[in-house]
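# below are the sequence and a predicted model; questions follow.
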Amino acid sequence: MGLIVILAFWGLAFRMWIVGGPKVPLIFIGLWLAAFFGFPLIGWGGYPFMAASASLAVSLIIVEKYNDIV
């Protein structure tokens, strides 16, 4: 399940970068990297990271759909 979430996030970020430019995907990539390095530093396991990755992927979907409407 975790691999699916990670692949979905990076696929969405790459697609959004190609279609809309690098501004928004760079913000989400920065948040993903902060979660990737930050959660192990504070002693949390992989489940909070997967939850954060899934939340970021869903947020990317919402932003992408919003940009399609506007």
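Yes, it's here.
# neighbouring contacts of the one helix or strand Pro40 maps to?
According to DSSP states H and E, Pro40 maps onto helix 23-41. Contacts of helix 23-41 with the rest of the structure, by C-beta atoms under 8 Å, 6 or more residues apart in numbering, involve 9, 13-14, 16-17, 45, 48-49, 52-53, 56, 59-60, 63. Every C-beta, even on glycine, is put in place using the N, C-alpha and C of the backbone.
# what's the farthest-apart pair in these?
Across these, the longest distance by C-beta to C-beta is 29.7 Å; it joins Trp17 and Gly45.
# the more surrounded of the two?
More crowded of Trp17 and Gly45, by other C-beta atoms under 10 Å: Trp17, with 16 against 9.
# quick check: closest non-adjacent residue to that one.
Pro25 (4.4 Å; C-beta to C-beta, 6 or more residues apart in numbering).
# hang on, the earlier thing: filter the contacts of helix 23-41 to the buried ones?
9, 13, 16-17, 49, 52-53, 56, 59-60, 63 (16 or more other C-beta atoms under 10 Å).
# adding distance to Ala34 and secondary structure, write those out as JSON lines.
As requested, the buried ones among the contacts of helix 23-41 are exported to JSON lines (distance: C-beta to C-beta, whole Å; DSSP: H, G, I helix; E, B strand; the rest coil):
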{"residue": "Phe9", "distance to Ala34": "13", "secondary structure": "helix"}
{"residue": "Ala13", "distance to Ala34": "14", "secondary structure": "helix"}
{"residue": "Met16", "distance to Ala34": "18", "secondary structure": "helix"}
{"residue": "Trp17", "distance to Ala34": "18", "secondary structure": "helix"}
{"residue": "Phe49", "distance to Ala34": "11", "secondary structure": "helix"}
{"residue": "Ala52", "distance to Ala34": "9", "secondary structure": "helix"}
{"residue": "Ser53", "distance to Ala34": "12", "secondary structure": "helix"}
{"residue": "Leu56", "distance to Ala34": "10", "secondary structure": "helix"}
{"residue": "Ser59", "distance to Ala34": "14", "secondary structure": "helix"}
{"residue": "Leu60", "distance to Ala34": "15", "secondary structure": "helix"}
{"residue": "Val63", "distance to Ala34": "18", "secondary structure": "helix"}
